[in-house]
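Trainee: Got a predicted structure plus its sequence, pasted below:
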Amino acid sequence: MVLIGGLVPETLVSADDPHQGTVDVDVLLPVALVFDREDQDFGWLEGALTAAGFVLVSPNTGWRWTTSVDGAAIVVEFLADVPDNPGQELALPGARTLSANNLAGPAPALRDTREIAVGRHRARAAGVGGYLAAKAAAIVGRGLVKDLYDFAYVIVHSLAKEGPMLAQHVESVVVQRPEVGRDMRREVLHACGRFETIDAVGPRAYAAEALRAGSTKSYAELAEEATESVTALAQLMTGGEE
């Protein structure tokens, strides 16, 4: 299992600006193609959910589970990204009710993972290259404000410290493979295109969400840093080509 989504950015970068997180937890599962999926067994995961006090959010949605932690409702969503049955809820072998929502986009996160501390426990989470590639696919596929904000937040604060290495991290993940039906590199560049000017949708989304998170910078400063940083990443990936 690999953690992705709104909890990850603050584990990827160290920044003075706070990050606007979420109360849901997105977990990506490496699910096999339909012809060899029977070799997998997710019964252990369903048993662990039940033992930890999780219940289905609704009887007909096996990929969303919830519990309460210190009075706060926490929702865990199980996602997969495989070519067969796109957009469908996938039954998981060995589990009676647990399933995964098959979305096009998050698979790059499986190519770049690292271990992080979650309280007293260790967990696998997306690395910076995998996270940005997966988030770019979400921007292309749905383009929510939160997607644009998370994408820019990680780039702004990673680029300042890693420089050209950030582009190398992304490039190592988006190398095209025969089994992947999408051009992941094109998706990243397409997402970067949402930040081409200070008035574009990307910088506006980033500035608005950053202010909501508690940034002390002005709207104009935030929009400008998003434009400059994301454009710089695109230029590093293309060698400055238009």
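Mentor: Structure's in. What do you need?
Trainee: Report the backbone C-alpha coordinates of the longest helix seen in the chain in CSV.
Mentor: Determined from DSSP state H, the single longest helix within the chain is helix 219-238. Provided in CSV are the C-alpha atoms of helix 219-238 (Å, rounded to 0.1, in the frame of the first residue of the first chain):
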residue,chain,number,x,y,z
TYR,A,219,-2.0,36.8,-3.0
ALA,A,220,0.2,38.3,-5.7
GLU,A,221,3.4,36.9,-4.2
LEU,A,222,1.8,33.4,-4.0
ALA,A,223,0.5,33.5,-7.5
GLU,A,224,3.9,34.7,-8.8
GLU,A,225,5.9,32.0,-7.0
ALA,A,226,3.6,29.3,-8.4
THR,A,227,3.9,30.6,-11.9
GLU,A,228,7.7,30.9,-11.7
SER,A,229,8.3,27.5,-10.0
VAL,A,230,5.9,25.4,-12.1
THR,A,231,7.1,27.1,-15.4
ALA,A,232,10.7,26.4,-14.3
LEU,A,233,10.0,22.7,-13.8
ALA,A,234,8.4,22.5,-17.3
GLN,A,235,11.4,24.2,-18.8
LEU,A,236,13.8,21.9,-17.1
MET,A,237,11.9,18.9,-18.5
THR,A,238,11.8,20.3,-22.0
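Trainee: Give me the helices and strands touching it, please.
Mentor: helix 145-162, helix 164-173, helix 184-192, helix 201-213 (3 or more CB pairs under 8 Å, 6 or more residues apart in numbering; DSSP states H and E). C-betas here are computed from N, CA, C, even on glycine.
Trainee: got the angle for the second one vs helix 145-162?
Mentor: Meaning helix 164-173. 120 degrees (axes from the mean of the first three to the mean of the last three CA atoms, to 10 degrees).
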